[in-house]
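# Okay, sequence plus prediction incoming.
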Amino acid sequence: MPAATDDPITGRVALVTGASSGIGAASAVALAATGARVGICARRADRLQEVVDRCHEHAADVAMFTVDLADLDRLPDFARQVEADLGAVDVLVNNVGVPKRRRMQDITPSEIDDVMRINFMSPVVLTTELLPGMLDRGWGRIVNVSSMGTRSAAVRVGAYAASKAALEAWTEGLMLDLLGTGVMAQLLVPGTTKTEFALPRGTDDEPFPPDSNALEPEVVADALVALLRSTDFEGFASDDHAALSAQKRSDPNAFLAMVRDVLGPSTTDK
Ligand SMILES: NC(=O)c1ccc[n+]([C@@H]2O[C@H](COP(=O)([O-])OP(=O)(O)OC[C@H]3O[C@@H](n4cnc5c(N)ncnc54)[C@H](OP(=O)(O)O)[C@@H]3O)[C@@H](O)[C@H]2O)c1
């Protein structure tokens, strides 16, 4: 069904993954407020219902789906369920993500596999399921949510940053291979945001350090809306993040030498 306007959001069907809290919840509400028909998914039904209620304040057409996105075999059926309940998905926001804050010498391959499955493979599988419909209709947007963890210093979050780096490279390939199809892939690159992301999960994860510059999730959601309304490949939620990303890319050796100086020999030598 054609969208009501040429706007990439108004009248479109948007599916946001990991939308029971944080950036995903704020993004769902922002998309609803901008006139999208919104599908949200995560595992916690009670928290999804709260987000549905917030979306309804904007009189939005919204549907919630409880799904464990780590169960990759379930995702084809999940995609069909979304299309049946909500309609063909025009905008897919692959927001789901989990941290795994641990030293590289302590993390196990199995734990890294878990992080890769949720942060990288679930966006890949869901995109693979929904992309053919977008191509048939000649229009679609896929926004993958990465992290400044790939653009700053991956201290204690090497596995997480690796999953997001894979997502970034895959999104770039997708964007380039989709040129001329009407479907576009984009990257949103948030920095530290005030969500449940930093809460301790399991006894062996180290706590996240406090960050006085942490953004509100609504600021990141506004950046998502702005990115969708642009033809840019990547978008940031603050100018500082864009500048930091450019600084590291321009001279990774100098950037990481600076980080090592800040961390100090007690950290780098052990
Ligand atoms: N917060 C930050 O500082 C920050 C910085 C940079 C990038 N990011 C990125 O932003 C995205 C959103 O993170 P957030 O900060 O909003 O964190 P959050 O509040 O912890 O939200 C994570 C969302 O993912 C869902 N989720 C986790 N595992 C899932 C699974 N197996 N199946 C289905 N849903 C699952 C959670 O819902 P359920 O538990 O209900 O399933 C929740 O809705 C992530 O990709 C993250 O990497 C965050």
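Received it, and whenever you're ready, just let me know what you need. Residues are numbered from 1 along each chain as shown.

# and the helix or strand containing Ser163, what does it pack onto?
Under the criterion of DSSP states H and E, Ser163 resides in helix 158-177. Helix 158-177 sits against helix 109-116, helix 122-137, strand 140-145, strand 183-189, with contacts defined as 3 or more CB pairs under 8 Å, 6 or more residues apart in numbering; DSSP states H and E. In short, each C-beta sits where N, CA and C put it, glycine included.

# Quick check: residues of the stretch 151-270 of the chain near the ligand?
190-193, 195-197 (CB under 6 Å from any ligand atom).

# Tell me which of these fall in helices.
Taking DSSP state H, every one of those sits outside helices.

# circling back to that earlier point, may I see the buried residues of the helix holding Ser163?
158-168, 170-171, 174-175 (16 or more other CB atoms under 10 Å).

# Can you tell me the SS state at His58?
coil (DSSP: H, G, I helix; E, B strand; the rest coil).

# now it: how far from Ala28?
From His58 over to Ala28 the distance is 10 Å, taken as CB to CB, to the nearest Å.

# Confirm for me that Arg43 is in contact with Ser20.
Yes. With contact defined as CB atoms under 8 Å, Arg43 reaches Ser20; the gap is 7.3 Å.

# more neighbours, these two?
Taking other CB atoms under 10 Å, Arg43 and Ser20 do not tie; Ser20 has more neighbours (23 against 14).

# contacting residues around the more buried one?
Going by CB atoms under 8 Å, 6 or more residues apart in numbering, Ser20 touches 40, 42-44, 47-48, 50-51.

# Widest-spaced pair of those?
For the contacts of Ser20, with distances taken as CB to CB, the pair at the greatest spread is Arg43 and Glu50 (14.1 Å).
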